[in-house]
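Q: Okay, predicted coordinates and the sequence, questions at the end:
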Amino acid sequence: MAKILDRFTLKNRLLLLSLGIVSVIILGNIGFILVKMHEGSQPSFLESMYWTIVTLSTLGSYPAGMTFTSRYGMTLTIIVVLGGVATMGIGLQIVVGPWLERTMKNAIKKKRTKLPEKEHVIVCGYSEMGKEVIRNLKSHNVEFLVITDVEEKVKKLSRSRIPFISGDSTKMKTLKEANIDGALSLVAVNDDSTNAFICLTANKLNKDIRIVSSVDRSKHEAILRRAGADHVVSSKSITGAMIGSKAIDESLIDIEEGGEELLEGLKIEQMNISEDSKIAGKTIQEADIGKKTGAAVVGIWKDGDLRVSVSPSDKLKPDDIILVLGNSEQLQNLERYAS
Amino acid sequence: MKIILCGYGSVGQNILKRLAASGNRIIVIDEDENRLEKTSAPTVQGDPTDENTLIGAGIMDAEKLIASTDSDITNAFIILESKSLNSDIEVMSVVNRRENIGKLYSAGADYVVPETVIGAKYISKYALHPHIAEFLDKITVAQDIEITKINIPNRSQLIGRSLAHSKIREKTGARVIGIKRDENFIPNPSSEVRIKKDDKFIVIGKLEEIHRLNRWVRL
């Protein structure tokens, strides 16, 4: 029965239920009139309807003149009562159950934030580190989504507005669901072996995606790189180096929260040299960025290599990326000057 | 300067790597004998939260102490203990969870470095701006490039000259990216800026370029 009903939509089920109720009512009316005529009286339509509704409602008490005297009458009463109860019983099951289910599904769906489709960052793992990464991504206004299969964390996420997938990020299916094809980069912040497996999976699905992985034990760094991580970050090494520098008063770099500043309001930004840029094809000296804008070129990326000794005769070619240092005003000047 | 390093895990090892060549006296404390075996510095094996261990390491006349165990709770205890033993000591600490940053400061730490916050910053930088991230990595971790401060000595021959005339770029390779003058900061000073007494240069360059510059300003 239930199997056959599976093919019925909720709307059709509702129709089926109404049909059932209407047929029981018609049956009651016709039966009442026939039996009463058999018993020798002339019932009105109002009387027959009254009797049918009272019977179906299983109230069980009729005013004078509405009761039967014959066996047929009793049989009819039994049939109508059973028919009514059965229709309502089955009807509730096939209509109300699925209806409730659908309402609840909709409620959950509505609450879940839409997953980004391209130029987004996929964060695999909702660890302390994962949460911090999300905090950073938010401040950069970049779209992202989180993948975790830890039930407790899924619960927490479903109460937040953070887009997420509940699933295993070492599986292809999950990463596909995360729209890995269009993603800008993927961040793996779990234990080292899980991270390695995520890198392998991600690399298989999207060769161009930038994969960044955290590492607990720095000796695992090479393994993660072999698994396909483009960048491996050991927070312990960085932290150690920073404290060390701070202890001997060497460090000038602000690592305090929030700001992108390096020191004293100076920021580093990257700038891609486009074909139609005013400085494309010029040497550093000819471009004269320092005098024109106040910003300084501190590094050039050429064919994937970073060069930090910039000489005045270096030529800026399209597709090069320059790293420029300056305060906000100087960097804005440069943007206007170069475009 | 005498610096006590409590905790020789991954963070501690990286701290020592940075401190080793600085010419300071470093004493390393850790409970784990095996970890200490690899150390080049003098070591004290024992519980760094124990008063006697700290005294044995010479906390009474140390200038700085760094708490770098893996546990925020242990680090908090080390901070409390060391400040009560030697109120003049400067204490720095690693902290794991963001929510504990404030707690370690209230325990008496002078400087707290949040590991997760820093790690996440780098991870996000790599995810969004890998070119800057790699550059920063060269400055902070790999130390191929350094950004550092150089004080101009009172008798430097460079005082009074313009930056262009000082030939810093040509002679040393390092570059002045800022000048601290009294309370002011001149970002990316132009080549006409004249060098004054008491100027502090913020310079960027490779290690050997910085060394050359250090000698150049002393001429």
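A: Right, received. Where do you want to start?
Q: and A:Asp208, what are its phi and psi?
A: Listed backbone geometry of A:Asp208 is phi -90, psi -10, with angles given as degrees, to the nearest 10.
Q: And for A:Leu14?
A: Summarising the backbone geometry of A:Leu14 under the convention degrees, to the nearest 10, its torsions are phi -60, psi -40.
Q: Can you give me the domain assignment for chain A?
A: A:2-111, A:121-238, A:261-338 (automatic domain parsing).
Q: rounded to a whole number, what's the mean pLDDT of the longest one?
A: The average pLDDT for domain A:121-238 rounds to 93.
Q: is that domain anywhere near chain B?
A: Yes - contact between domain A:121-238 and chain B is present through A:121, A:128-129, A:132-133, A:135-137, A:140, A:142, A:184-185, A:187, A:189, A:210, A:212, A:214, A:216-218, A:230-231, A:233-238 (criterion: CB under 8 Å from any CB of the partner chain). Every C-beta, even on glycine, is put in place using the N, C-alpha and C of the backbone.
Q: Out of the residues you listed, list just those in strands.
A: Assigned to strands by DSSP state E, the following of the residues of domain A:121-238 next to chain B qualify: A:121, A:185, A:187, A:210, A:212, A:214, A:231, A:233.
Q: surely the first one meets A:Ser185?
A: Yes - contact between A:Val121 and A:Ser185 holds when scored by CB atoms under 8 Å: they sit 5.3 Å apart.
Q: where does chain B have low pLDDT?
A: In the predicted model, chain B carries no residue with pLDDT under 70.
Q: Need the domains of chain A in a markdown table (columns: mean neighbour count).
A: Converted to a markdown table, the domains of chain A look like this (neighbours: other CB atoms under 10 Å in any protein chain shown):
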| stretch | mean neighbour count |
| --- | --- |
| domain A:2-111 | 14 |
| domain A:121-238 | 20 |
| domain A:261-338 | 17 |
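Q: These: which one's closest to B:Arg98?
A: Distances from B:Arg98 to each of these were compared using CB to CB; the minimum, 7.0 Å, belongs to domain A:121-238.
Q: for the closest one, how far is the first residue from the last?
A: Terminal residues of domain A:121-238 are spaced 23 Å apart (CA to CA, to the nearest Å).
Q: try stretch B:147-155
A: 24 Å.
Q: Buried ones in it, by neighbour count?
A: Counting neighbours by 16 or more other CB atoms under 10 Å in any protein chain shown, one finds that the buried residues in stretch B:147-155 are B:147-148, B:150, B:152.
Q: B:Asp47 is nearest to which of the domains of chain A?
A: Among those, the nearest to B:Asp47 by CB to CB is domain A:121-238 (21.5 Å).
Q: Any idea how far that closest one is from the middle of the chain?
A: Relative to the mean C-alpha coordinate of its chain, domain A:121-238 is positioned 15 Å out (CA atoms, centre = their mean, to the nearest Å).
Q: Please apply the same query to stretch A:69-85.
A: Computed by CA atoms, centre = their mean, the chain-centroid distance of stretch A:69-85 equals 57 Å.
Q: Repeat that for stretch A:288-296.
A: The mean C-alpha position of stretch A:288-296 is separated from the chain mean by 44 Å, CA atoms, centre = their mean.
Q: Is that stretch positioned near chain B?
A: Yes - counting by CB under 8 Å from any CB, contacts between stretch A:288-296 and chain B involve A:290-291, A:294-296.
Q: would you list every one of the helices in the chain?
A: Here I'm looking at chain A. In order along the chain, chain A carries the following helices (DSSP state H): A:2-5, A:10-39, A:45-56, A:71-91, A:97-111, A:128-139, A:151-158, A:172-177, A:192-205, A:221-226, A:235-247, A:284-287, A:289-293, A:328-338.
Q: if you could check chain B rather than the one you did, that'd help
A: When assigned using DSSP H, the helices of chain B occupy the ranges B:10-20, B:33-37, B:51-56, B:72-85, B:101-107, B:115-128, B:130-140, B:163-166, B:168-172, B:207-218.
Q: A:Lys267 is nearest to which of these?
A: Where the helices of chain B are weighed against each other on CB to CB, the nearest is helix B:130-140, at 9.5 Å.
Q: Specify the angle between the closest one and helix A:235-247 in degrees.
A: An angle of 50 degrees separates the directions of helix B:130-140 and helix A:235-247 when computed by axes from the mean of the first three to the mean of the last three CA atoms, to 10 degrees.
Q: how's chain B carved up into domains?
A: Here the domain parsing of chain B from automatic domain parsing is B:2-114, B:145-218.
Q: end-to-end on the shortest one?
A: The one in question is domain B:145-218. Terminal residues of domain B:145-218 are spaced 22 Å apart (CA to CA).
Q: How far does that domain sit from its chain's centre?
A: Domain B:145-218 has its average C-alpha position 21 Å from the chain's average C-alpha position, going by CA atoms, centre = their mean.
Q: wait, does that domain contact chain A?
A: Yes - for domain B:145-218, a contact with chain A is found by CB under 8 Å from any CB, at B:145-149, B:173, B:175, B:177-178, B:180, B:185, B:187-188, B:190-191, B:202, B:204, B:206.
Q: Can you turn the buried part of the residues you listed into a PyMOL selection?
A: This is how PyMOL selects the buried members of these, with burial counted by 16+ other CB under 10 Å:
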select buried, chain B and resi 145+146+147+148+173+175+177+178+180+185+187+188+202+204+206
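Q: from the residues of domain B:145-218 next to chain A, which ones fall inside strands?
A: Secondary-structure check on those using DSSP E: residues within strands are B:145-149, B:175, B:177-178, B:180, B:185, B:187, B:202, B:204, B:206.
Q: For these, name the two members farthest from one another.
A: Pairwise distances across those peak at 23.7 Å for B:Phe185 and B:Lys206 (criterion: CB to CB).
Q: okay, which residue of chain A is out on the far edge from center?
A: A:Gly40 (71.9 Å; CA atoms, centre = their mean).
Q: Quick check: that one vs A:Asn206, distance?
A: With distances taken as CB to CB, to the nearest Å, A:Gly40 is found 87 Å from A:Asn206.
Q: So for stretch A:27-36, mean pLDDT?
A: Taken as a whole, stretch A:27-36 carries a mean pLDDT of 90.
Q: Quick check: phi and psi at the residue farthest from the centre of chain A.
A: Reported as degrees, to the nearest 10, the phi and psi values for A:Gly40 are phi 100, psi 20.
Q: how far away is it from A:Ser48?
A: For A:Gly40, the distance to A:Ser48 under the criterion CB to CB works out to 16 Å.
Q: still on that earlier bit, of the domains of chain B, flag the one that's most buried.
A: Per residue and on average, the most neighbours among these fall to domain B:2-114, with a mean of 19 (mean count of other CB atoms under 10 Å in any protein chain shown).
Q: does that one come close to chain A?
A: Yes - shown here: domain B:2-114 in contact with chain A (CB under 8 Å from any CB) through B:3, B:9-19, B:22, B:24, B:64, B:66, B:68, B:92, B:94, B:96-98, B:111, B:113.
Q: contacting residues for residue 80?
A: I went with chain A, as the question did not name one. A:24, A:27-28, A:31, A:52, A:55-56 (CB atoms under 8 Å, 6 or more residues apart in numbering or on different chains).
Q: You answered for a different chain; I wanted chain B.
A: For B:Leu80, the residues meeting the contact criterion (CB under 8 Å, 6+ apart) are B:107-108.
Q: How about B:Arg169?
A: With contacts defined as CB under 8 Å, 6+ apart, B:Arg169 is in contact with B:Arg175.
Q: what's the answer for the one 4 residues further on, then?
A: For B:Gly173, the contacting residues are A:309, B:205-206, B:208-209, B:212, by CB under 8 Å, 6+ apart.
Q: swap in B:Thr116?
A: B:Thr116 makes contact with A:128-129, A:132, A:235, B:96-98, according to CB under 8 Å, 6+ apart.
Q: How about residue 200, nearest residue that isn't a chain neighbour?
A: Went with chain A since none was named. Leaving aside its chain neighbours, A:Leu200 sits nearest to A:Ala227 (5.0 Å; criterion: CB to CB, 6 or more residues apart in numbering or on different chains).
Q: not what I meant, chain B
A: Counting by CB to CB, 6+ apart, B:Lys200 lies nearest to B:Lys180, which is 4.1 Å off, once chain neighbours are set aside.
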